[in-house]
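**Student:** coords please:
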Amino acid sequence: MSSLLKKKVKTLFLDYLNFKYSTTFYTEFKIPKIKKIVIHRSIAKDATNKTKFIASINELKLITGQLPKITLSKKKSSKFKQKKGIPVGLKVTLRKELMYYFMEKLILFVLPRELNFKGILETSFDKQGNFNLGIKSHSSFLELDTYLSYFKNGYNINIIFETSYTYKKYNKIFLEFLGIPFI
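**Tutor:** Presented below is the predicted three-dimensional model:
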């Protein structure tokens, strides 16, 4: 079963772009697309605390529907009191259908539930045209409502939308079309 957001992109986005920018986009292959979504979080402070580490893994698993990959430290750092090979983060990469389902959930349920949320800054794009988003509160995710007493780690969740187009302007237009609110 295909996601509603994916159907909206396939059917309406090319017509929308041709209406606004008729000379730039004339085929489906030139329009911006999202290749993948990477969700990650740093857990370096509590890497040795087994219960918080497992709770963090379960939290990302509930949010994304996929088991997160554990990222390890690459080098020793006395400043952060880390040894080489210690877990420092969790990462999930979403592609295809899971990516669109996660975007629907993010746009329709998570962002409106954020506290003091007015919109996303336009400076959230990097040089490659990828869009970065940080979510601070865990109460925004509906899946965690019943388990909220277990998931009080206080870690931020960082979401990166990797796009196929390098121009920030057109990526912003694409994300606005999908429903992400910008300031």
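**Student:** So residue 40: helix, strand or coil?
**Tutor:** strand (DSSP: H, G, I helix; E, B strand; the rest coil).
**Student:** What about it, how many residues nearby?
**Tutor:** Neighbours of residue 40 under the rule other C-beta atoms under 10 Å: 19. Placement of C-beta: from N, CA and C, glycine included.
**Student:** I figured it was touching residue 89, is that so?
**Tutor:** Yes: judged on C-beta atoms under 8 Å, residue 40 makes contact with residue 89 at a distance of 5.9 Å.
**Student:** where does residue 115 land in three-state SS?
**Tutor:** Here residue 115 is coil, with the state taken from three-state DSSP.
**Student:** list residues touching both of residue 40 and residue 89?
**Tutor:** Residues touching both residue 40 and residue 89 (C-beta atoms under 8 Å, 6 or more residues apart in numbering): residue 71.
**Student:** mind listing what's buried in the lowest-mean-pLDDT helix or strand in the chain?
**Tutor:** Across the helices and strands of the chain, mean confidence by mean pLDDT, DSSP states H and E is lowest for helix 14-20: a mean of 76. Residues 14, 16, 17 are the ones in helix 14-20 that count as buried (16 or more other C-beta atoms under 10 Å).
**Student:** before we move on, what about stretch 115-134?
**Tutor:** Buried-residue list, stretch 115-134, by 16+ other C-beta under 10 Å: 120, 124, 125, 129, 130, 131, 133.
**Student:** same deal with stretch 168-175?
**Tutor:** Those buried within stretch 168-175 under the rule 16+ other C-beta under 10 Å are 168, 170, 171, 172, 173, 174, 175.
**Student:** how far is the longest helix belonging to the chain from where the chain is centred?
**Tutor:** Identified as the longest helix of the chain according to DSSP state H is helix 50-64. In terms of C-alpha atoms, centre = their mean, to the nearest Å, the centre of helix 50-64 is found 16 Å from the chain centre.
**Student:** circling back: can I get the buried residues of stretch 115-134 in JSON lines with pLDDT?
**Tutor:** Formatted as JSON lines, the buried residues of stretch 115-134 follow (pLDDT from 0 to 100):
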{"residue": "120", "pLDDT": "81"}
{"residue": "124", "pLDDT": "83"}
{"residue": "125", "pLDDT": "85"}
{"residue": "129", "pLDDT": "82"}
{"residue": "130", "pLDDT": "88"}
{"residue": "131", "pLDDT": "89"}
{"residue": "133", "pLDDT": "87"}
